[in-house]
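J.: predicted model and sequence follow; I will ask about them next.
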Amino acid sequence: MSPENETPRLTGSRKHFQVHVGGLPGALLGFVAGAVGLVLALMFSLVLFAVLLGAGVVFGGYLWWKTRKVRQVLREEHARRRTTGEREVEGEVVHVDPLDGKG
């Protein structure tokens, strides 16, 4: 029996499906299967991208809505400091006690 006439079957302990189609029909079948696979992958990726984009927009809108009062307070504080001439200096202080005995 030649490989072209072989029927699809489960073989031995490998348990995978093997189909042997040779020549022009096999090449066309492979090309069509590859093209269909690429189209399906592209469709899936576009749907996934749209879903993730939509979720990102919803989450961004939610975050923007929840932080609106904080942004308003920060704007008011900035405007107040600008008009009064106040400056804020950030820094860190390390205090060493000379009577501690560790220094």
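T.: Okay, I see it. Numbers count the residues shown, from 1 in each chain.
J.: now the lengthiest helix in the chain: how far from the chain's centre is it?
T.: Among all segments of the chain classified by DSSP state H, the helix with the greatest residue count is helix 23-66. Between the mean C-alpha location of helix 23-66 and the chain-wide mean there is a distance of 14 Å, by CA atoms, centre = their mean, to the nearest Å.
J.: helices or strands next to that helix in the packing?
T.: Identification of packing neighbours for helix 23-66 by 3 or more CB pairs under 8 Å, 6 or more residues apart in numbering; DSSP states H and E yields no helix or strand. Every C-beta, even on glycine, is put in place using the N, C-alpha and C of the backbone.
J.: in the chain, what spans have low per-residue confidence?
T.: Across the chain, the stretches falling below the confidence threshold (pLDDT under 70) are 1-21, 101-103.
J.: neighbours of residue 26, how many?
T.: 13 (other CB atoms under 10 Å).
J.: mind listing what it touches?
T.: Not one residue lies near residue 26 by CB atoms under 8 Å, 6 or more residues apart in numbering.
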